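Asks: what follows is a predicted structure for the sequence shown.
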Amino acid sequence: MGQRAAIFRRIAEAAAMVGEHRRIGAEEAEQFAEMKGRGNACRAPHPRPPARVRALAGPVIGTWVSEREQRLVSQFWLEPPSQLVAMGLEPCLTAVNQHAAALLVVPVGGLVPGFSCTRCGALSSTGESCPDGPAAARAVPDLFEEMVVRTLNDSGQVEAVRDPPGEVAARLRFPPAEPE
Ligand SMILES: [Zn+2]
C-alpha cells in the first residue's frame, strides 16, 4: 500500500510538472502573439512573476531543456517510419487509449479540447471513437493533458517540448490495433 501511495504521488508530481511547463509555454506563446499583433517585435514582453521565472525558466534550465528537446525531436524525425512510432493527434490518441505509449511527447503550449468516454475512458477528438458513442462522451478541455495523465498512469514517460513531431508524438510499446 505504501508503495502504491508513492507511485500515485510520483504520477501527480510528474503531471503537475508537465502541466506547469505547458502553461508557461502557453503564456510565452500568447505574449509573442501579442507582440507580433502590435507590429513591434522590439517591445519588451510583459513582466512575469520573478520567482517563477527564476525557478522554472532560468537560462541554465532553458539551455538544458532545449538541448534535450532537440535531441528528442530529431530522434523521432531521423528514425525510419515504424509501427512503434505515432505522430499526430489521432494516432497518438489511439496509442494512448490502448495503453501503448511508452513515451509521449506533447507541446508546451496550446490546448486541444476533446472528449473522454464516461464508460470505457476512451479519449477522442470527436466523442465518437468508441462503441458507447457521443451520449457517453464528456468534454475535456485539453486532450494533451488527459493523454499525459494516462501515459503516466501506464508507467510511460512524458516530455513537453516546444515543437513535437506532428504536434504530438509517441514511442510505443507495441503496434496499436486499428481503431474501428
Ligand atoms: Zn466508450
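Replies: Sure, I can see it.
Asks: just give the nearest non-adjacent residue to Glu79, would you?
Replies: Spatial nearest neighbour of Glu79, chain neighbours left out: Val85 (6.2 Å); criterion: Cβ to Cβ, 6 or more residues apart in numbering. (Glycine included, C-beta is placed from N, CA and C.)
Asks: right, and that neighbour touches Gln75 too?
Replies: No: in terms of Cβ atoms under 8 Å, Val85 does not count as a neighbour of Gln75; the distance is 9.7 Å.
Asks: what number of residues lie near Val85?
Replies: 19 (other Cβ atoms under 10 Å).
Asks: can you tell me which residues contact Glu90?
Replies: The contact partners of Glu90, taken as Cβ atoms under 8 Å, 6 or more residues apart in numbering, are Ser125.
Asks: for it, which three-state class applies?
Replies: Glu90 carries the three-state label helix when classified by DSSP: H, G, I helix; E, B strand; the rest coil.
Asks: report the residue ranges of every domain in this protein.
Replies: If the domains of the chain are taken from automatic domain parsing, they occupy 2-47, 82-172, with pieces of a single domain joined by a plus sign.
Asks: rank these by pLDDT, which is bottom?
Replies: Of all the domains of the chain, the segment with the smallest mean pLDDT is domain 2-47, scoring a mean of 60.
Asks: how about residues contacting the longest strand that the chain contains?
Replies: Taking residue count as the measure and DSSP state E as the definition, the longest strand of the chain comes out as strand 101-107. Applying Cβ under 8 Å, 6+ apart, the external contacts of strand 101-107 come out as 18, 22, 25, 72-73, 76, 86, 92, 95-96, 144, 147-148, 150-151, 154, 156-165, 167-173.
Asks: quick one: buried residues of that strand?
Replies: Buried residues in strand 101-107, counted by 16 or more other Cβ atoms under 10 Å: 101-107.
Asks: keep those, but drop any that are not near the ion.
Replies: Intersecting these with the surroundings of the ion, defined as Cβ under 5 Å from the ion, gives nothing.
Asks: among those residues, list the two that are farthest apart in space.
Replies: Ala102 and Pro107 (18.8 Å; Cβ to Cβ).
Asks: who does the longest strand of the chain pair up with?
Replies: For strand 101-107, the paired strands and their directions (DSSP bridges) are strand 157-161 (parallel), strand 169-172 (antiparallel).
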